[in-house]
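Engineer: Whatever this is, show me its structure:
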Amino acid sequence: MDYGDPSVATAALVQAGKQKDLGKKKATAAALLVVACVVFVGATLLDPKHTHWGIGLVAAAAEAAMVGGLADWFAVVALFRAPLGQRWIPHTAIIPRNKDKIGSSLADFICDHFLGKAQILDKIRQFDPAERLARGLADPVSARKVADFVVRLSPRFVDMLDSDELQVFVRDATREKLAGLDVSNLLAQLLSVLTKDGRHHEAVDSLLHDVAEYVDRDEVRAMLAAKVAEELWAAARWLHVDKPIAEALANKMAQGTRQLLREMAQNREHELRERFERQIPEYIGRLQSDPVLRGKVHAFRDQVLANQELSHYVRDLWHAAMAWLRDDLASPSSAIHRHVLGAAMGLGAQLQASEEMKNWFNGWVMDTIDPLADEYREKIRQFIVDRVKAWSAEELTEQLELSLGRDLQYIRYNGTLVGALIGALLYGLMLAIRALAG
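Structural biologist: Down below sits the predicted model:
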């Protein structure tokens, strides 16, 4: 047992306290029995035939106290072990001999009377989860506790996400899955969905507008001018007019391209656009059947997966995101804490205001618990049975005696004291009968 663990050390102290208390109660019960024996022996030595009614009364009370105390001692001890080690006495050591039966009966009692489906569902119905959740989240104090819990737990989660071991595992698993992915067929399916019932028109419109705006950027026109200047004839370059001519041509090309793209975006019946869109079904078919095109797509896939710079870039982005999360979670003015608090209170207020939503949530909880009640009740039943079976008879007996033995010693107290009282009453009754008879 690891006593360095605070929880283990605390359990050991509790166990020692129970053992000490049980020992005191046993000693007290034994002392009462010894007192009864001493009184009986003393009364008998003083008046062997108990001729004096007072001595006879004391002797009768002491005798009955001994009988009651011994009988209850036998009954209590017989629960946990064979009295005086005599195993031949029937119906003793009841708990050790019936350990597995006790475990099964305990499991049945708990599961049938506390974990029945009807009891569980009725308790959930009375609990009203939706109303309690709404009140809890709408309350600023409770909502702040939720936010505090999220912020307190999140650093552990962030550390797990940012660990090298997890990243290597995810990276290798992702690469393995993506390496076997039929990207070509996936693209074909995606294009089929996008082009079904003309859904692609809006996407094409947006794409053409974006490309038109891109072409009109200063940096793009400068790049076009540089390319044109490279191709101009030598005379223009010798006269130093290549740059102005190139810039003018680049502007014209950019304006013309932009105008063409805008016309294609605004007119879905434009000749070039129709020609482009007619190629889409053919391209989808090629993605599914053309081995050359499929090979190029998959080669591009493999090239992307093998690109170390991309992998390092994604890793750096991930580390930067995790670092931001750590800094924010450690800050007294955490944005995450603020957003969680606001979201919790907003959700609670909305749930409180909507009876329909509360009814739906309660119904969802009931429908979720309903099929699980029977399944987990049987698992709990089996868990209790297996757990009791796993205990040795000595371990179970010791734990039960520590838990129940203290109260059972009061039975011995009562047996001794009540026995004395009954003995005295019976002796007094006998004297009264003799007096009336004689």
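
Engineer: where's the most centrally placed residue in the chain, which helix or strand?
Structural biologist: The centroid of the chain falls nearest to residue 153 when counting by CA atoms, centre = their mean (12.9 Å). Mapping residue 153 onto the secondary structure by DSSP states H and E places it in helix 140-161.

Engineer: How about residues contacting that helix?
Structural biologist: 135-137, 166, 322, 325-326, 329-330, 334, 336-338, 340-341, 344-345, 348 (CB atoms under 8 Å, 6 or more residues apart in numbering). (Glycine included, C-beta is placed from N, CA and C.)

Engineer: Would you mind checking the residues you listed for buried ones?
Structural biologist: 136, 137, 325, 329, 334, 337, 340, 341, 344, 345, 348 (16 or more other CB atoms under 10 Å).

Engineer: hang on, isn't the fifth one packed against residue 327?
Structural biologist: Just to be clear, that refers to residue 334. No. Counting by CB atoms under 8 Å, residue 334 stays clear of residue 327, with 9.2 Å between them.

Engineer: Count the neighbours of the nearest residue to residue 305 once chain neighbours are set aside for me.
Structural biologist: The shortest distance from residue 305 to any non-neighbouring residue, by CB to CB, 6 or more residues apart in numbering, is to residue 175 (5.5 Å). Residues lying near residue 175 (other CB atoms under 10 Å) number 14.

Engineer: Residue 175 sits in which helix or strand?
Structural biologist: helix 164-179.

Engineer: packing partners for that helix?
Structural biologist: When contacts are defined as 3 or more CB pairs under 8 Å, 6 or more residues apart in numbering; DSSP states H and E, helix 164-179 packs onto helix 291-306, helix 308-330.

Engineer: Quick check: mean pLDDT of the shortest one?
Structural biologist: Confidence over helix 291-306, taken as the mean pLDDT, stands at 80.

Engineer: buried stuff in that helix?
Structural biologist: Quick answer for helix 291-306 (16+ other CB under 10 Å): 294, 297, 301.

Engineer: Would you mind writing the CA trace of that helix as CSV?
Structural biologist: Listed next in CSV are the C-alpha coordinates belonging to helix 291-306 (Å, rounded to 0.1, in the frame of the first residue of the first chain):
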residue,chain,number,x,y,z
PRO,A,291,-5.8,6.8,-65.6
VAL,A,292,-3.5,9.7,-66.7
LEU,A,293,-5.5,12.4,-65.0
ARG,A,294,-6.1,10.3,-61.9
GLY,A,295,-2.4,9.6,-61.7
LYS,A,296,-1.6,13.3,-61.9
VAL,A,297,-4.1,14.0,-59.1
HIS,A,298,-2.8,11.3,-56.9
ALA,A,299,0.8,12.3,-57.6
PHE,A,300,-0.1,15.9,-56.5
ARG,A,301,-1.7,14.3,-53.3
ASP,A,302,1.5,12.4,-52.6
GLN,A,303,3.6,15.5,-53.3
VAL,A,304,1.5,17.5,-50.8
LEU,A,305,1.8,14.8,-48.1
ALA,A,306,5.6,14.6,-48.6
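
Engineer: the inter-axis angle of that helix versus helix 164-179?
Structural biologist: Put simply, helix 291-306 runs at 180 degrees to helix 164-179, going by axes from the mean of the first three to the mean of the last three CA atoms, to 10 degrees.

Engineer: now helix 291-306 against helix 308-330, angle please.
Structural biologist: 50 degrees.

Engineer: From the chain's centroid, how far away is helix 291-306?
Structural biologist: 42 Å (CA atoms, centre = their mean, to the nearest Å).

Engineer: what about residue 150, how many residues close to it?
Structural biologist: 19.

Engineer: With the one 5 residues further on instead?
Structural biologist: Using other CB under 10 Å, the number of residues around residue 155 comes to 13.

Engineer: Per-residue pLDDT of it, please?
Structural biologist: pLDDT, residue 155: 86.

Engineer: how close does it get to residue 148?
Structural biologist: 13 Å (CB to CB, to the nearest Å).

Engineer: Next one, pLDDT for the residue nearest to residue 305 please.
Structural biologist: 76.

Engineer: And it, how close does it get to residue 307?
Structural biologist: 11 Å.

Engineer: swap in residue 287?
Structural biologist: 22 Å.

Engineer: What of residue 149?
Structural biologist: Distance from residue 149 to residue 307, by CB to CB: 41 Å.

Engineer: ditto for residue 403
Structural biologist: 65 Å.

Engineer: do the same with residue 62
Structural biologist: For residue 62, the distance to residue 307 - CB to CB - is 98 Å.

Engineer: more neighbours, those two?
Structural biologist: Neighbours per residue, other CB under 10 Å: of residue 62 and residue 307, the larger number sits with residue 62, 25 against 11.

Engineer: Which residues are in contact with the more buried one?
Structural biologist: Applying CB under 8 Å, 6+ apart, the residues near residue 62 are 36, 37, 39, 40, 43, 420, 423.
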